[in-house]
Structure formats: C-alpha cells, structure tokens
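*Asks:* Have a look; sequence and predicted model below, questions after that.
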Amino acid sequence: MSSPTAARPGIEAVRELAERCSNWGRWGPDDELGTLNHITPDDVAAAARLARDGRTFSLAVPLDENGPQTGGFGRFNPIHLMIRDGNAAVTGTVVRDFYGGRDRWIRGTDDILIMPLQAGTQWDALGHIVFDGRIYNGYPATDVGSRGAIRNDIAAARERVVGRGVLLDVPRSQGRPWLDPGEAISAADLERCAARQGVEVRRGDIVLVRTGQVGACRAAGSWGDYAGGPAPGLGLDATPWIFERELAAVAGDTWGREVLPNQTPDVFQPLHIILIVHMGLLMGEIFDLEALAEDCARDGRYEFLFSGAPLPITGAVGSPVNPLAIK
C-alpha cells in the first residue's frame with residue numbers, strides 16, 4: 001500500500017500513462033463502447049453459470065434525501081415529489097384535477113424524481129471527462145453540447161454491462177475492516193488481494209474494488225466528507241494493471257473511485273483522464289459492497305454474475321444504476 005506522502009508525479013506522468021493505456025482507434029474510428037468491447041457473448045453465457053444458488057445482492061445506495069452529496073460540483077441528493085398522492089385519491093381532487101371530473105372508480109398515485117444523474121450509485125459515461133479538448137476515442141469535446149452527448153453517451157452501454165463480476169476486497173485481504181482516507185491501492189495490492197482470495201482476474205471482467213469506505217461511514221453514522229473528501233482508492237500504478245488485463249469495467253465504493261487527495265497535486269482526478277478519456281473504461285462509483293463482501297468472505301466465492309445496465313438516457317454522460325451481483 002503506497003503512502004499518501006510518497007513522491008508526487010505531475011501532468012507529464014499522467015500524459016505518459018494515458019498514451020501507454022490508450023484504446024483510441026482499437027475498435028475502429030466510430031467506437032463508443034470502449035472496454036465493454038472486451039465482453040463477448042460467450043463471456044456472458046459463462047458468467048450466467050456463476051449464478052448457482054440464486055442469492056442476489058443489490059449494490060446500490062438508496063436514492064433519497066439521505067444520500068452522500070453535499071452540493072459539490074452541483075450534485076445534490078435526490079428530491080422525490082408526488083404528483084398524485086393517496087390524499088388526492090381519498091378527497092376526490094384526483095378526479096377533478098386528473099380525470100377531467102369524471103369518476104371512473106380507479107385512483108392512482110404518481111411521482112417524480114429530481115436529481116443529478118451522478119448523485120448516487122452510478123456509471124460514468126465515456127463522454128463524462130474531457131482532457132485536452134477531447135473525449136474517448138479522440139472525439140472533440142464539443143460532441144457533448146447543451147442537449148447532451150452525441151458521442152459516448154451512457155445509452156450506448158444499455159445492453160453491454162453484464163458479465164463475470166469479481167470482488168477484490170482489499171482491506172479484508174489485509175485483515176482490516178476498511179482502508180484509511182488517502183490510502184492508495186497499488187497494482188501489487190490488487191494482485192495480492194486476488195491471490196489471497198483465490199480468484200483469477202480475466203479479460204472482460206467487471207471488477208469491484210472494495211475499500212470499505214461505505215462501511216466506515218455506516219459505522220460512524222454519517223456520510224461526513226465522503227463526497228469529495230479524503231478517501232482511499234486506486235493509485236496511478238493501478239492503471240497499467242487494468243489495461244493489461246483488459247477489464248471491461250471497474251467500480252468501487254467511494255465517491256470518485258481514485259485516491260483522494262490525488263497523487264498529482266497539479267492534476268485533479270488523474271485516473272479519470274487515463275481510464276475514461278484514453279482507455280475508454282466504464283467506471284462505477286458509490287457502490288455499496290458491504291453485504292456482498294460479507295457473503296464472499298463466508299463462502300469463499302469472489303466471482304458472480306454481474307448485471308448493471310445503465311438507464312438508456314439519450315445524450316447522458318452518467319446514469320444511476322441498481323447493480324446486481326448474483327451468486
């Protein structure tokens with residue numbers, strides 16, 4: 001585990017890793033799927049056979065006013081409102097206001113949700129991050145306009161986020177409940193974790209990296225500074241490890257998936273540049289991995305069928321998701 005006070009690289013190190021791990025043009029000039037191309041139909045069929053006992057785990061945090069957001073980057077917790085409620089049904093105003101004054105006996109309730117698409121458990125689309133005026137596959141950043149993304153939107157992944165899931169429970173592999181804020185996870189940490197769990201990470205896998213931060217917040221009884229504050233997470237040297245293993249997606253239980261404070265004082269969220277813009281990796285954040293981790297520790301099985309289809313929101317650069325791990 002690397003120290004947050006170790007030597008701090010800068011923008012040139014980020015550029016070097018971005019070039020080294022780039023998938024631009026790998027699947028053609030029109031590609032918008034990125035690393036999801038690593039998942040084949042045979043991979044999905046094989047992953048389905050991992051659902052042996054029918055135990056299902058939702059990895060999503062609740063979408064409600066008690067979520068982790070505090071307003072940073074314009075992100076707030078979901079606001080749930082009723083359009084028609086039970087009171088309207090009982091008093092009859094629903095007939096007046098929605099049924100044109102004609103009572104047809106049936107009564108209904110309806111609601112709406114107001115939220116940033118990245119307020120809770122979510123995927124970052126490949127159009128989410130801009131670097132040097134470009135998004136994944138070299139498309140110009142102007143392809144994401146005021147009406148949304150015409151390239152690299154989240155809807156492109158609507159049928160592709162299903163396959164073999166692997167949990168890497170880094171703190172448990174070290175005999176700890178959770179990692180400390182600012183603790184970077186290295187490639188060696190990931191390798192040791194997989195070895196201790198007896199699980200092989202393969203091409204096309206959807207890898208879930210647990211730091212335990214959600215569990216730590218739950219134990220403290222508060223989200224605290226979870227949203228954008230100091231956090232454990234992936235370090236820079238984990239990026240070639242992800243690239244070389246041809247992973248389809250990586251998700252985790254922190255706000256930003258990478259270590260905070262970042263290892264690059266002059267570059268904010270450098271892994272987002274390398275992994276999303278250049279590698280084309282689907283990245284998931286704010287996953288609740290606690291119950292799944294307990295079950296994996298109990299039965300020793302760290303692989304499972306994973307399904308995490310985003311909402312097919314045309315032009316969106318992120319999507320809420322209720323990811324499922326099925327064992």
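*Replies:* Yep, that arrived.

*Asks:* So which residues of the stretch 101-250 of the chain form helices?
*Replies:* Here the stretch 101-250 of the chain has its helices, by DSSP state H, counting those that start in this stretch, at 170-173, 187-197, 213-220, 238-244.

*Asks:* Quick one: closest of those helices to Arg301.
*Replies:* Ranking the helices of the stretch 101-250 of the chain by proximity to Arg301 (CB to CB) places helix 187-197 first, at 9.3 Å. For every residue, glycine as well, the C-beta is placed using N, CA and C.

*Asks:* Dump the closest one to PDB, keeping only the CA atoms.
*Replies:* The C-alpha coordinates for helix 187-197 follow below in PDB (Å, rounded to 0.1, in the frame of the first residue of the first chain):
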ATOM      1  CA  ALA A 187      -1.300  -2.900  -8.700                       C
ATOM      2  CA  ALA A 188       0.600  -5.000  -6.200                       C
ATOM      3  CA  ASP A 189      -2.200  -4.600  -3.700                       C
ATOM      4  CA  LEU A 190      -4.700  -5.800  -6.300                       C
ATOM      5  CA  GLU A 191      -2.600  -8.800  -7.200                       C
ATOM      6  CA  ARG A 192      -2.100  -9.800  -3.600                       C
ATOM      7  CA  CYS A 193      -5.800  -9.400  -2.900                       C
ATOM      8  CA  ALA A 194      -6.800 -11.700  -5.800                       C
ATOM      9  CA  ALA A 195      -4.200 -14.300  -4.800                       C
ATOM     10  CA  ARG A 196      -5.400 -14.300  -1.100                       C
ATOM     11  CA  GLN A 197      -9.000 -14.700  -2.200                       C
END
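
*Asks:* coming back round to it: looking at the helices of the stretch 101-250 of the chain, which one is packed in the most?
*Replies:* Highest mean neighbour count of those: helix 170-173, a mean of 22 (counted as mean count of other CB atoms under 10 Å).

*Asks:* Mean confidence (pLDDT) on that one, please.
*Replies:* Averaged over helix 170-173, pLDDT sits at 98.

*Asks:* need the contact list for the closest residue to Val199 other than its chain neighbours.
*Replies:* Leaving aside its chain neighbours, Val199 sits nearest to Tyr302 (4.2 Å; criterion: CB to CB, 6 or more residues apart in numbering). Neighbour list for Tyr302: Val166, Leu167, Leu168, Asp169, Gln197, Gly198, Val199, Cys296 [criterion: CB atoms under 8 Å, 6 or more residues apart in numbering].

*Asks:* same thing with Arg202?
*Replies:* Arg164, Arg245.

*Asks:* who are the neighbours in contact with the residue nearest to Trp255 when sequence neighbours are not counted?
*Replies:* In this structure, Trp255 finds its nearest non-sequential neighbour in Ala227, 5.1 Å apart by CB to CB, 6+ apart. Listed by CB under 8 Å, 6+ apart, the contact set of Ala227 reads Pro68, Gln69, Thr70, Gly72, Arg75, Trp255.

*Asks:* Same list (those) but as CSV, adding distance to His272.
*Replies:* As requested, the contacts of Ala227 are exported to CSV (distance: CB to CB, whole Å):
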residue, distance to His272
Pro68, 18
Gln69, 18
Thr70, 20
Gly72, 15
Arg75, 15
Trp255, 12
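
*Asks:* Let me have those residues in a markdown table, adding pLDDT as columns.
*Replies:* Below are the contacts of Ala227 laid out as a markdown table (pLDDT from 0 to 100):
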| residue | pLDDT |
| --- | --- |
| Pro68 | 97 |
| Gln69 | 97 |
| Thr70 | 95 |
| Gly72 | 93 |
| Arg75 | 96 |
| Trp255 | 98 |
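
*Asks:* Verify the contact between Gly204 and Ile39 for me.
*Replies:* Yes: contact criterion CB atoms under 8 Å: Gly204 and Ile39 qualify, at 4.6 Å.

*Asks:* Report the set of residues contacting both of those two.
*Replies:* Residues touching both Gly204 and Ile39 (CB under 8 Å, 6+ apart) are Gly163, Ala248.

*Asks:* okay, now Thr109: neighbour count?
*Replies:* 13 (other CB atoms under 10 Å).

*Asks:* Against Asp132, how distant is it?
*Replies:* Look at Thr109 and Asp132: by CB to CB, to the nearest Å, they are 49 Å apart.

*Asks:* same question, Gly256
*Replies:* In terms of CB to CB, Gly256 sits 21 Å off from Asp132.

*Asks:* and those two? which has more neighbours close in?
*Replies:* Shown here are Gly256 and Asp132; by other CB under 10 Å, Gly256 has more neighbours (22 against 9).

*Asks:* Gly108 contacts Gly86, correct?
*Replies:* No: counting by CB under 8 Å, Gly108 does not reach Gly86; the two are 10.1 Å apart.

*Asks:* can you redo the helices of the stretch 101-250 of the chain as JSON lines with distance to Ala325?
*Replies:* Putting those into JSON lines (distance: least, CB to CB, whole Å) gives the following:
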{"stretch": "helix 170-173", "distance to Ala325": "16"}
{"stretch": "helix 187-197", "distance to Ala325": "15"}
{"stretch": "helix 213-220", "distance to Ala325": "15"}
{"stretch": "helix 238-244", "distance to Ala325": "20"}
